[in-house]
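Chemist: Structural data only, the sequence is not supplied:
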């Protein structure tokens with residue numbers, strides 16, 4: 001196990017112990033993968049009891065990542081195990097677990113994703129001078145009617161330009 005995985009594993013076991021005691025339930029530790037790429041810092045797979053993390057985003061701020069991102073993803077697994085799989089991903093059940101973990105129930109991170117190489121579509125929000133890079137997947141979802149909003153101001157994202165056409 002790498003030092004990164006050891007940091008994450010230690011935090012997960014601490015949080016599982018806390019949740020298990022609070023809910024008086026046996027919560028099995030998840031499988032941990034460090035294979036996530038792109039703009040997502042973490043991903044929870046409740047049906048498989050697995051969490052995936054982005055190693056390059058971890059490197060930007062390891063302490064913040066272990067404290068916030070690991071708790072965020074683990075809260076998804078705990079919520080599914082305690083409340084079932086039909087709950088909202090960031091609903092009141094998930095938020096209550098984040099409160100138990102003493103971590104703000106934030107849905108977004110602010111890590112630098114500009115070097116991931118996958119962001120060609122630049123969007124903006126109501127924040128002054130802010131550019132938000134999105135992947136082709138999210139850009140195409142917007143074209144199909146899905147709406148994405150800024151985590152800070154809450155306004156809907158608006159397309160500005162495609163970096164592949166402006167260079």
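Modeler: Now that the structure is in, tell me what you want to look at. All of these numbers come straight from a predicted model, not from anything done at the bench.
Chemist: show me where pLDDT drops low in the chain?
Modeler: Where the chain drops to pLDDT under 70, the residues are 111-119, 164-167.
Chemist: can you map out the helices along it?
Modeler: 3-23, 55-60, 62-64, 70-83, 92-100, 136-143, 163-166 (DSSP state H).
Chemist: So which of the ones you listed is the most surrounded?
Modeler: helix 70-83 (a mean of 23; mean count of other CB atoms under 10 Å). Glycine gets a C-beta too; all of them are placed from N, C-alpha and C.
Chemist: Does it pack against any helices or strands, and if so which?
Modeler: Packing partners of helix 70-83 (3 or more CB pairs under 8 Å, 6 or more residues apart in numbering; DSSP states H and E): helix 3-23, strand 42-45, strand 50-53, helix 92-100.
Chemist: tilt between that helix and helix 3-23?
Modeler: Helix 70-83 runs at 40 degrees relative to helix 3-23, counting by axes from the mean of the first three to the mean of the last three CA atoms, to 10 degrees.
Chemist: got the contact list for helix 70-83?
Modeler: Helix 70-83 is contacted by residues 8, 11-12, 15-16, 19, 23, 25, 27, 30, 42-44, 46-47, 49, 51, 53, 87, 89, 91, 93-94, 97-98, 101, 103, 106 when judged by CB atoms under 8 Å, 6 or more residues apart in numbering.
Chemist: again, but for stretch 19-32
Modeler: Residues from elsewhere that reach stretch 19-32 (CB under 8 Å, 6+ apart): 5, 8-9, 12-13, 16, 48-51, 53, 74, 77-78, 81-82, 97, 100-101.
Chemist: what's the answer for stretch 97-114, then?
Modeler: Everything outside stretch 97-114 that qualifies as a contact, by CB under 8 Å, 6+ apart, is 15, 18-19, 22, 38-39, 41, 57, 60-61, 67-69, 71-72, 74-75, 78-79, 82, 90, 94-95, 119, 133, 151.
Chemist: repeat for stretch 40-53
Modeler: 8, 12, 28, 30-36, 54, 57-58, 65, 69-70, 72-74, 76-77, 79-81, 85, 109, 111.
Chemist: let's see 6 Å
Modeler: With CB atoms under 6 Å, 6 or more residues apart in numbering as the test, stretch 40-53 has contacts from 30-36, 54, 57, 69, 73, 76-77, 80, 109.
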